[in-house]
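J.: Below is the structure, and that's it, no one-letter string:
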């Protein structure tokens with residue numbers, strides 16, 4: 001027996017005052033309605049209705065049970081409406097994880113703008129240098145970066161690309177000279193940014209040629225914003241994600257070196273679990289950043305190609 005269906009039938013019988021009228025409204029036979037009420041009473045081991053040939057009357061137990069049935073059915077209907085409407089109206093808590101650089105640089109400002117459009121959504125943004133397990137750790141959307149994504153059941157929306165650039169403080173270059181080729185970096189103090197996608201060596205590429213430089217271990221840090229501070233203080237030459245470098249170049253704390261070389265290109269993705277019955281807050285957040293983030297990344301990439309910021 002479907003207990004919720006039996007409750008609905010019982011409440012409808014009371015509202016209509018007869019099994020026949022309730023059956024017509026529910027599009028069931030009178031026998032089906034009578035059987036469901038009888039099965040409900042049997043499961044409760046209690047009589048809910050006094051039946052005569054002319055009318056029905058609730059028992060004392062039936063009155064109490066009817067009140068509880070109405071409460072339960074109301075909550076079930078509310079929960080059903082909320083769940084079935086979740087793909088229509090953005091509401092509730094949205095859990096987003098991002099790698100630190102893009103999170104600080106772009107997602108926090110974008111989150112403020114998203115909140116203006118969708119004030120009923122509460123955004124919970126967590127940042128780290130790793131890519132978490134979306135399902136196991138309870139995230140709705142994960143922003144990650146990679147050359148190629150491994151096969152998985154997750155949906156991946158490409159948001160743009162990023163790459164690394166070589167930078168140094170003007171004061172450092174004035175004191176130690178400006179390298180003109182990757183090979184000349186071996187004569188300089190190079191700072192290591194610990195990157196989970198490209199750990200270790202600096203891999204320079206140009207016109208099909210490749211050169212690999214080991215930056216050493218004189219200084220290393222795992223957050224690019226901290227590397228900006230170290231390089232700006234004159235500690236040495238560093239490798240930075242392009243979107244982090246763009247701000248430092250505009251501010252003049254760093255200048256770009258070896259602009260003809262490409263380094264460590266990778267794609268940025270938004271990962272989420274499914275397109276089917278997608279929650280509206282996930283759908284709108286992904287659509288929002290997909291519309292905004294590529295444009296901002298392209299803007300910052302243009303700064304890197306400005307000779308005014310080169311050494």
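T.: Thanks, I have the structure now. What you are looking at is a predicted structure, and each value in this text was computed from that prediction instead of being measured. Numbering: from 1, shown residues only.

J.: okay, now residue 107: neighbour count?
T.: Look at residue 107: counted by other Cβ atoms under 10 Å, it has 22 neighbours. Any C-beta I mention is one placed from the backbone N, CA and C, and that applies to glycine too.

J.: which residue packs closest to it, ignoring adjacent ones?
T.: residue 98 (5.4 Å; Cβ to Cβ, 6 or more residues apart in numbering).

J.: pretty sure the one you found is in a strand, no?
T.: Yes. Using DSSP: H, G, I helix; E, B strand; the rest coil, the secondary structure at residue 98 is a strand.

J.: for it, which residues make a bridge with it?
T.: residue 127, residue 143 (DSSP bridges).

J.: Now do the same contact list for it.
T.: Going by Cβ atoms under 8 Å, 6 or more residues apart in numbering, residue 98 touches 107, 125-127, 142-144.

J.: Scan these and report the most crowded one.
T.: Within the contacts of residue 98, neighbour counts (other Cβ under 10 Å) peak at residue 143, which reaches 25 neighbours.

J.: quick one: that one from residue 260, how far?
T.: Going from residue 143 to residue 260 by Cβ to Cβ, to the nearest Å gives 30 Å.

J.: rewinding a little: just put the contacts of residue 98 in JSON lines and tack on pLDDT.
T.: Shown next, in JSON lines, are the contacts of residue 98 (pLDDT from 0 to 100):
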{"residue": "107", "pLDDT": "96"}
{"residue": "125", "pLDDT": "96"}
{"residue": "126", "pLDDT": "95"}
{"residue": "127", "pLDDT": "94"}
{"residue": "142", "pLDDT": "95"}
{"residue": "143", "pLDDT": "95"}
{"residue": "144", "pLDDT": "93"}
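
J.: per the record, what domains does this structure have?
T.: By the assignment in automatic domain parsing, the chain contains the domains 3-84, 90-311.

J.: Now do the shortest one: distance to the chain's middle.
T.: When you say that, I think you mean domain 3-84. 44 Å (Cα atoms, centre = their mean, to the nearest Å).

J.: What mean pLDDT does it get?
T.: Averaging pLDDT along domain 3-84 gives 88.

J.: Okay, now the unreliable bits of this protein?
T.: Applying pLDDT under 70 to the chain picks out residues 81-82, 84-87, 150, 275-277.

J.: all strands of it, in order?
T.: Ranges of strands in the chain, per DSSP state E, are 49-51, 56-58, 92-99, 121-128, 141-146, 155-168, 192-193, 202-206, 209-213, 220-221, 238-241, 255-257, 262-272.

J.: tilt between the last one and strand 155-168?
T.: Read it as strand 262-272. Compare the direction of strand 262-272 with that of strand 155-168 by axes from the mean of the first three to the mean of the last three Cα atoms, to 10 degrees and you get 150 degrees.

J.: Remind me what strand 262-272 packs against, helices and strands.
T.: In terms of contacts (3 or more Cβ pairs under 8 Å, 6 or more residues apart in numbering; DSSP states H and E), strand 262-272 is packed against strand 141-146, strand 155-168, strand 202-206, helix 280-304.
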